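Visitor: any chance you could fold what I've pasted below:
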Amino acid sequence: MLGLNVIIRLMRQLFLFPAIALAAVAQAWDLNGHRIVATIAYDSMKPKTRIWVDKMLKDFKPDGATSYTNFVNASTLADDFKYPPSGSPLRSVRDWDKWHYVDYDFTRGPKYVLIGQRPEETVVAAIGKLVNQLKTHTPAVSGRGEDWALAMLIHFVGDTHQPLHGIDYHDSGGNGFKLKIKTPGGNKDTNLHSLWDNVATINYEIKGKDQIADVAKKIELAYPMPAATALGFAPDRWSKESFDLAVKYGYGGAQRGAFQTSGYLANWKDKGLGRMALAGYRLAALLDALAPA
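Guide: Down below sits the predicted model:
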């Protein structure tokens, strides 16, 4: 049975610092999760691909910010654009908010019907535009360069693998589905989306960026790269996988307004970390295919 002591520590931070909690609501995977996906991808890509991405990001300083000049750090830029870190020169840009998810309606049939979103607004469309930019060297969005396109692509491939970023139950992707968590100060409320965002941070008790490489390696060992047939470029399929997992393991078995069962938490850990690993492997395969010969 998964103990709740780890969850307690993370949720205590979320409830003591509302700004952090708000940021978690808005992103797929927390910042640690995106860095883990990027680390797994970097570990898994070919040497020539590493040289290509390193060169592209070496001088990448959007709005003068110097924190994004390597592959792992660049993975968080899409969220940092929405909520710039304290002291960052980044200017908040909200034009791309819908690119972080695809809202398939949980309550309608047939499956995979969008709700409140046009096809060209989704994370699936965003990935397609960014890949095309890197292939054709033609600015795809807002006239920004290929270094920007690469940073966004790292992030959005991660986003489309987070199950709660592929579904809407008329509750903002699980943000409105409240859950109870035990904390030292008493019972606190969180939500389904935030629980899945923070799956790696909670289970590995991540407290700083210095733990990312070690945690990524542990996830790689626990979830080895699958057969090549599972790695092909198919963001539409990836998003539908996320929807199906959200139905079965996200909402399925979740206790609204109550504490979660040990069985639910075991599935949450396994499926959440597995999707994080798969996102990294698929991102590596995609960039291997895009890298110059």
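Visitor: if I look at the residue lying closest to Asn203 once chain neighbours are set aside, how far off is Val199?
Guide: Leaving aside its chain neighbours, Asn203 sits nearest to Lys269 (5.4 Å; criterion: CB to CB, 6 or more residues apart in numbering). C-betas here are computed from N, CA, C, even on glycine. Distance, Lys269 to Val199, by CB to CB, to the nearest Å: 6 Å.
Visitor: what's the answer for Val102, then?
Guide: 20 Å.
Visitor: mind listing the strands for the stretch 51-200 of the chain?
Guide: Along the stretch 51-200 of the chain, the segments classed as strands by DSSP state E, counting those that start in this stretch run 178-183, 186-191.
Visitor: who has more neighbours out of Val102 and Val199?
Guide: Legend: neighbour count by other CB atoms under 10 Å for Val102 and Val199, higher for Val102 (30 against 24).
Visitor: ok, the residue nearest to Asn203 to Arg118 distance?
Guide: Using CB to CB, Lys269 is found at 34 Å from Arg118.
Visitor: which of the two has more neighbours?
Guide: Lys269 (15 against 9).
Visitor: run the chain-centre distance for the helix or strand harbouring the more buried one.
Guide: Take DSSP states H and E as the rule and Lys269 turns out to sit in helix 262-290. On the basis of CA atoms, centre = their mean, to the nearest Å, helix 262-290 sits 10 Å off its chain's mean C-alpha point.
Visitor: what do you get for stretch 214-229?
Guide: Counting by CA atoms, centre = their mean, stretch 214-229 comes out at 16 Å from the chain centroid.
Visitor: quote the end-to-end distance of it.
Guide: Using CA to CA, to the nearest Å, one end of stretch 214-229 lies 28 Å from the other.
Visitor: what are the contacting residues of it?
Guide: Contact partners of stretch 214-229, identified using CB atoms under 8 Å, 6 or more residues apart in numbering, comprise 32, 36, 39-40, 43-44, 200, 204, 206, 231, 273-274, 276-278, 280-281, 285.
Visitor: could you do stretch 277-293 as well?
Guide: 36-46, 48-49, 52-53, 131, 134-135, 153-154, 157-158, 160-161, 216, 219-220, 222-223, 225-226, 228, 230-233, 238.
Visitor: helices of this protein, start to end?
Guide: For the chain, the helices defined by DSSP state H occupy 5-16, 18-26, 31-44, 47-57, 71-74, 77-82, 123-136, 146-159, 192-197, 199-203, 212-222, 235-245, 262-290.
Visitor: show the average pLDDT along the second one.
Guide: Predicted confidence along helix 18-26 averages 35 (mean pLDDT).
Visitor: stretch 233-245 now?
Guide: Here the average pLDDT along stretch 233-245 is 97.
Visitor: just stretch 159-169 next, same as before
Guide: The average pLDDT within stretch 159-169 is 96.
Visitor: ends of it, what's the gap?
Guide: Stretch 159-169 has its terminal residues 18 Å apart, counting by CA to CA.
Visitor: circling back: so which of the helices of the chain gets nearest Phe106?
Guide: Smallest distance to Phe106 across the helices of the chain (CB to CB): 8.1 Å, for helix 235-245.
Visitor: now tell me what touches the closest one from outside.
Guide: With contacts defined as CB under 8 Å, 6+ apart, helix 235-245 is touched by 102, 104, 111-112, 122-124, 127-128, 157, 160-167, 271, 275, 282.
Visitor: now the buried members of those residues.
Guide: Among the contacts of helix 235-245, the ones that count as buried by 16 or more other CB atoms under 10 Å are 102, 104, 112, 122-124, 127-128, 157, 160-167, 271, 275, 282.
Visitor: neighbours of Glu120, how many?
Guide: 12.
Visitor: that one and Gly128: what is the separation?
Guide: Applying CB to CB, the value for Glu120 to Gly128 is 9 Å.
Visitor: about what we covered before: pull out the buried members of the contacts of stretch 277-293.
Guide: For these, buried by 16+ other CB under 10 Å: 36-45, 49, 52-53, 131, 134, 153-154, 157-158, 160-161, 216, 219-220, 223, 225, 231, 238.
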